[in-house]
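> fold the following, please.
(chains A and B)
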Amino acid sequence: QKEVEQDPGPLSVPEGAIVSLNCTYSNSAFQYFMWYRQYSRKGPELLMYTYSSGNKEDGRFTAQVDKSSKYISLFIRDSQPSDSATYLCAMWANSKLTFGKGITLSVRP
Amino acid sequence: ETGVTQTPRHLVMGMTNKKSLKCEQHLGHNAMYWYKQSAKKPLELMFVYNFKEQTENNSVPSRFSPECPNSSHLFLHLHTLQPEDSALYLCASSPDRSSSYEQYFGPGTRLTVT
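Residues are numbered from 1 along each chain as shown, chains lettered A, B, ... in the order given. Below is the predicted model of the structure:
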């Protein structure tokens, strides 16, 4: 079993939809959970990070961590065409960051 | 300049060439990283520097040689590369190694080995 699993997609939604992106993991030692957004021909951009279980909200984005289920999610409300990008989840333990493969999201106008 | 910058943005090189990638961070960070990003694969950590000292080398072939002259600059020297080394090479920085959960990336260098 891979340490971090992320559905590779791609995912296509209409503008205004609520998007749910998910990752599962197997390493119980992970403490920090990150979401990165990567536009085409750009480097990953840190969207948000959370420590341990719970929710964190930033504008239209909400990150959710459920350590008991080893499951994290990123919700995007009122999705916009500008949200079209690849989203990478990442998890941290012992000074090491482990990434998922990323999921490509397309928001149709 | 702000954030993390990388040059060149694109590089095409033959297998016998020698070239270098440059990274500079303007965030006052003390840890810097090199990653390789290939299609359909997770980011692969290559090297880590903390306060100019190399702290990690993830079994990277010797044809990749990193250099960190100070906490703001990081280089990746390339020689006798193989076509499978074609990828996006990303530089990142964080406040220090212990806070590596907060990494900020540069735009990357798209490398093509012919």
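
> what segments of chain A are strands?
Taking DSSP state E as the criterion, chain A carries its strands at A:4-6, A:11-14, A:19-25, A:32-38, A:45-51, A:54-58, A:61-66, A:71-76, A:85-93, A:96-99, A:103-108.

> please tabulate the ones you listed in JSON lines, including the columns distance to B:His73 and mean pLDDT.
Using the backbone N, CA and C atoms, a C-beta is placed for each residue, glycine as well. Formatted as JSON lines, these follow (distance: least, CB to CB, whole Å; pLDDT from 0 to 100):
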{"stretch": "strand A:4-6", "distance to B:His73": "31", "mean pLDDT": "93"}
{"stretch": "strand A:11-14", "distance to B:His73": "38", "mean pLDDT": "97"}
{"stretch": "strand A:19-25", "distance to B:His73": "33", "mean pLDDT": "97"}
{"stretch": "strand A:32-38", "distance to B:His73": "23", "mean pLDDT": "96"}
{"stretch": "strand A:45-51", "distance to B:His73": "21", "mean pLDDT": "93"}
{"stretch": "strand A:54-58", "distance to B:His73": "31", "mean pLDDT": "92"}
{"stretch": "strand A:61-66", "distance to B:His73": "33", "mean pLDDT": "96"}
{"stretch": "strand A:71-76", "distance to B:His73": "33", "mean pLDDT": "96"}
{"stretch": "strand A:85-93", "distance to B:His73": "25", "mean pLDDT": "96"}
{"stretch": "strand A:96-99", "distance to B:His73": "22", "mean pLDDT": "92"}
{"stretch": "strand A:103-108", "distance to B:His73": "33", "mean pLDDT": "96"}
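
> for B:Met32, give its distance to chain A.
13 Å (CB to the nearest CB, to the nearest Å).

> what sits opposite that residue in the beta ladder?
Beta-bridge partners recorded for B:Met32 (DSSP bridges): B:Tyr49, B:Ser93.

> host element of the residue nearest to the spatial centre of chain B?
The residue lying closest to the centre of chain B (CA atoms, centre = their mean) is B:Trp34, at 3.0 Å. For B:Trp34, the host element (DSSP states H and E) is strand B:31-37.
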